[in-house]
Each structure stands twice: as structure tokens, then as C-alpha cells.
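**Q** Fold the following, please.
(one chain, ligands or ions: 2)
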Amino acid sequence: MKIRNSSIKKSIHFLKKNECIGIPTETVYGLAANAYSNKAVLNVFKLKKRPKNNPLIVHYHDIKRLQKDCYTNNSFLKLYKKFCPGPLTFILKLKKENSISRYVTNNSNNLAVRFPKHPITRLLLKKLNFPLAAPSANKSTSISPVTRKDVIEEFGTKIKYVINGGRSKVGLESTIIDLTNKPKILRLGGIEIEKISDTIKLNLIYRRNKRNKYPGQSKLHYSPGIPIRMNIKQPKKNSAYLLINKRKKNNKNFFYLSKNRNLKEAGKNLYKILRNIKKKRYKLIEVEKIPNISFGKVINDRLLRASTK
Ligand code: TXA
Ligand code: MG
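**A** Ligands and ions are numbered 1, 2, ... in the order given. Next up is the predicted model:
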């Protein structure tokens, strides 16, 4: 990936003026703003139409900068060494003398932090003297964007600038682990929980909690706004059918997440395909059975939420 100096310069220009910009990450595109500025952070909530009680993830370049704002612990250090930069978000305790805008966490002392891997965003973070608060760059409850074009589709001229970083490589949001207490998985995502469990020698399991206090972890989220039926062998005539196995016969309503059961590839394609199906105005989405392992677990989780009424 070639990094254009002009896009870094433009980004810095807008961010210093407390404006939001679109940034590429390996998971999905983010709507980024200066995490140390109340004004900038409030702009994110406004643009995204996000309820103020749904906290944001703060993106840092490295652990040294993070430690100005947060306490770290042993589990964090092990996971950081193994997976960062990468698609893993940690909930950590804020230090008393932190500089994070109180709007980021809705006044709580727990902060979600992440070290994104995309080279352009890493260079941008390196050059800034503040970290970036960034939710996924879609309107609340809608589908996460995985290209610059998707972000522009969501916000039009309301967003000042979106860096072009190509298509997001993982295509699903980061895994979230709460380390403020006994380690707990809050969201499935780009790093498989089996790998996290191995690293910190704990058998972590994930429970989908319908009454979770954070909207992104509760029902109806990541939604294309179309009913979804799962584990379907024979689709109806006019529904959009998501598959992971190649069929002999072709059909214009077939949308392949993968043609050879590659779950990583399927994860990468999920949001792009859901966006496409929405544009084509299908009334129903049906999904072939997707094995509930590795990234299949994440895909099933997102589809289940999207299908919750
Ligand atoms: O991959 C990602 O994580 C992407 C990219 C842009 O980094 N970001 C992302 O942000 O998915 P967002 O805002 O769409 O989802 C963040 C989730 C929300 O469900 C929010 O409730 C939760 O993280 N969250 C944020 N701060 C939290 C905290 N202090 N405690 C618990 N959950 C938190
Ligand atoms: Mg989101």
C-alpha cells in the first residue's frame, strides 16, 4: 500500500480543527476525531447519530502513548505483544491524570483502546500528538463500511475527508476483551477467542447478552434493515441467498461469501455483500448454514443480531 503524504497532511489539518475524518483500518473504516478534545468527540456522536451513553474506542499508535492515559496489566501485556497492532480492543482502567475527553466514555473510568494495523492509519497516529476516538464509520445500527466509498455513502458531504486505504482486510470489527476485572469477551471479532484463550491461559467463552448495557453488544445491530433467516437449505424464489459453498447451478439471487468454505474470506466479504443486497432492495435474506467455528462464529453472531427484531 502506497502512502500519500498529501492524505496524511490533509487528515492532520482537519483533525486539528476538531473535525471528523474517515480512516481505514484492517477491520472496518472508522469515523475519527481527536480523543483529547470535547468538541471533536461531540462531533462524532452528532454525525453518527449515536446515543451519548454508547462509549467510543480510542485508537493509539503504541503502548507508550497508551500508558499516559491508562493502566496496563499482565494479560494486556501478553495480548499486546502477540496481537498488536491488530483487530483486538481492550477495556482498561483510565489513570486519574488522563487526557481523554469525558464524552468518549460517558464519564466512566473504563476506556476501550485499540492499536489498528492499517499502515496509513498507523503513520497518521504516529504523527499526531493525540489518539483518535473512532467508532465504525456508519450511521448507528447500520452496516459497517469497508471501503472509502461505503463511508461516503453513509455520510455524503457531511464528512470533510475520507482517507483512501483500499478495502479493509479483515472486514469484521475487532474482538473486544474487558480486562478491568476477570478477563471477559464482550464482542466477537477479528481475533478468534481460542487464540486469546491460549495466550492468557484462560478458557474464555462468549455469551451473547440481550440485555447488555452497551448498544453495540446487544440486539439489533450491524443491520441491513432486511429480515434474515439462518440455516436455510432451499432458499425462497425472491430472497437474497448467502452461501459459502459453490453450487452447480447459477442464480442471480446467490451471493457467495466464499466458494470453498473459507470462513476468513467469508468474514471479509460479509459487509460488502450485505450493503450490495440492501442496494438491490431485496425483501428477505436467507443464509446457508455456516459452521459455528473460528470466523464462522463471528459471521453467525453478526447475522443473528441483524436478524433480531
Ligand atoms: O474494529 C473496530 O473495533 C472498529 C474500528 C473502527 O476500530 N470500531 C468499532 O467501533 O467497531 P464501534 O463504536 O462501532 O463499536 C465499539 C463497541 C461498541 O459496542 C461500544 O459499546 C463498545 O465497543 N465499547 C466502547 N467503549 C466501551 C467501554 N468502555 N466498555 C465496554 N464497551 C465499550
Ligand atoms: Mg459500529
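
**Q** ok, the nearest residue to Ile293 once chain neighbours are set aside - how many residues close by?
**A** In space, and not counting its chain neighbours, Ile293 is closest to Leu263: 7.4 Å by C-beta to C-beta, 6 or more residues apart in numbering. All C-beta atoms are positioned from the backbone trio N, CA, C, and that covers glycine. Using other C-beta atoms under 10 Å as the criterion, Leu263 is surrounded by 20 other residues.

**Q** beta partners of Leu242?
**A** Phe255, Val287 (DSSP bridges).

**Q** For it, list the residues it contacts.
**A** Leu242 is in contact with Phe255, Leu257, Ile273, Ile285, Glu286, Val287, Glu288, counting by C-beta atoms under 8 Å, 6 or more residues apart in numbering.

**Q** any idea which helix or strand carries the third one?
**A** Which is Ile273. Per DSSP states H and E, Ile273 falls inside helix 263-279.

**Q** Just list the residues touching Leu204, thanks.
**A** Neighbouring residues of Leu204 by C-beta under 8 Å, 6+ apart: Ile177, Pro183, Lys184, Ile185, Ile193, Ile196, Ser197.

**Q** Enumerate every residue touching Ser258.
**A** Going by C-beta under 8 Å, 6+ apart, Ser258 touches Ile244, Glu265, Ala266, Asn269.

**Q** follow-up on the earlier one: correct me, but the residue nearest to Ile293 touches Ile244?
**A** Yes - with contact defined as C-beta atoms under 8 Å, Leu263 counts as touching Ile244 (7.4 Å).

**Q** Mind listing the shared neighbours of these two?
**A** Ile290.

**Q** Report the buried residues of the host helix or strand of Arg302.
**A** Secondary structure from DSSP H and E places Arg302 in helix 294-307. Buried residues in helix 294-307, counted by 16 or more other C-beta atoms under 10 Å: Phe295, Gly296, Lys297, Val298, Ile299, Asn300, Asp301, Arg302, Leu303, Arg305, Ala306, Ser307.
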